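Visitor: One predicted model, sequence on top.
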Amino acid sequence: MKTLYISDLDGTLLDRNARLSERSAAVIGELIDKGLLFTIATARSLSSLEILKKLDIRLPCVQLNGVLTYDFSIGEYTDCIPILPEDARSVIGVLRKHDRMSFVYKADPQYGIHVEFERLTNDVEREFFEVRKDKDYKSFEQIGEITVSDNDKVIYFTMVDRREKLLPIHEELETIDGIRSTLYSDNYSDMYFLEVFSSRATKAAGMKKIKEKLGADRVVAFGDNLNDIEMLKCADLGIAVGDAVDQTKQAADLVIGNSYEDGVAMYLAKVFNGDQ
C-alpha cells in the first residue's frame, strides 16, 4: 500500500526554537532515501523553508495553509489559489475599521511573493519582518496605504497580536464569503496569528491534491494547532503530537510523542521498520 506522510512544521516537526533537530533530520532523511513518501503542509512560505534542506524533500509541499503548492523536484510553484480582488478589498475594509493592517501577500512573477505592509505594530511583527526581509522568493515593501486593484493577485493576509485584539477582527472577517480566517496561538510567544486566505485554500485540500498526484492509497497527517484540525480529519490517519493543543488532540485518531522529543520522526521510524 502506497502511503503519503505529511506533517505540519511549527509545533509538530520543529522543536520549541523553530529548529529541525539533528535526530529528526537524520531519521527522516534516511527514511526518505529508503522510499518514504514524506512532505510538509505549513502556514509558512518558501522563504521560511530553508530548514527542510536537511531532509532533501522531493515531493510537492503545501504552503500558506493551502494557498500555494511548491514542487521541490522541479523547483517551481505548481498551484496558487488567490483571493478575489473584491474579497481582498472587503478584508482591507474590515482591517481599517479596526485600525489594524496586516502583511498583505501578493503573487509576483519576479519574486514569487511580494509582501506589502503599512506599519509594524509590535515586537513579534518586527521580528517576523527582520527574519524574512532578505530571503529569496519574497520581497517586502513598506507603503503609505495598501490598495488592491483588479489586476493584483492577493493570496494572503497575516498579522500577529494579542488574542483579545484579533478576535473581533476574526469574527467580522468570518462573515465575508469567499475567504477563510484562522486565529491560532504562536508556538514561540504569547501572541496569536490571524491569517486570511481564499476559502478554496486549505491544508486539507492541498494534501488531497498531492495524494492524487502521487497516486497514494492513503495519507497520514501530523499536526498540533487549530489550523491543522481539518487536515487531520480528512487524512486516513490523523496524528497529533503530545504537546498539541487540546482541540487538535481531540480531533486526531492518534496522539504520539512531543514535538520537542522528535515525536514525528520516532513514529515514522517505528512504522517504516515494521515495529508499529
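Guide: Yep, it's here.
Visitor: Let me see the mean pLDDT of stretch 236-245.
Guide: Across stretch 236-245, pLDDT averages out at 97.
Visitor: er, stretch 177-186 actually
Guide: 92.
Visitor: for that stretch, the distance to its chain's centre please.
Guide: Using C-alpha atoms, centre = their mean, to the nearest Å, the mean C-alpha position of stretch 177-186 is found 12 Å from that of the whole chain.
Visitor: contacts for that stretch?
Guide: For stretch 177-186, the surrounding residues in contact (C-beta atoms under 8 Å, 6 or more residues apart in numbering) are 65, 83-84, 87, 90-91, 124, 160, 163, 166-167, 170, 173-174, 191-199, 201-202, 225-227, 245. Placement of C-beta: from N, CA and C, glycine included.
Visitor: Of those residues, keep whichever come out buried.
Guide: The neighbour count (16 or more other C-beta atoms under 10 Å) marks 65, 83-84, 87, 90-91, 124, 160, 166, 170, 173, 191-198, 201-202, 225-227, 245 as buried among these.
Visitor: What residue spans form the domains of the chain?
Guide: 3-80+202-272, 85-198 (automatic domain parsing).
Visitor: Of those, which stretch is the most buried?
Guide: domain 3-80+202-272 (a mean of 20; mean count of other C-beta atoms under 10 Å).
Visitor: how long is that domain end to end?
Guide: 11 Å (C-alpha to C-alpha, to the nearest Å).
Visitor: Stretch 186-194 too?
Guide: Between the opening and closing residues of stretch 186-194 there is a gap of 10 Å (C-alpha to C-alpha).
Visitor: what's the spacing between that stretch and its chain's center?
Guide: 14 Å.
Visitor: Let the chain start at 19 from now.
Guide: Understood, numbering begins at 19; the last thing we discussed is stretch 204-212.
Visitor: Surely Glu163 touches Glu136?
Guide: Yes: under the criterion of C-beta atoms under 8 Å, Glu163 makes contact with Glu136 at 6.7 Å.
Visitor: So for stretch 22-32, mean pLDDT?
Guide: Rounded mean pLDDT across stretch 22-32 is 95.
Visitor: go on, stretch 226-246?
Guide: Stretch 226-246 comes out at a mean pLDDT of 96.
Visitor: Any idea how far apart the tips of it sit?
Guide: Stretch 226-246 stretches 14 Å from its first residue to its last (C-alpha to C-alpha).
Visitor: Strands of the protein, start to end?
Guide: 21-25, 55-58, 78-81, 86-89, 94-98, 121-126, 130-135, 156-160, 172-179, 197-203, 210-216, 236-241, 255-258, 272-273 (DSSP state E).
Visitor: before we move on, back to that, now, the contacts of stretch 195-204 that are in helices?
Guide: Among the contacts of stretch 195-204, the members falling in helices (DSSP state H) are 105, 108-109, 142, 181, 184-185, 188, 191.
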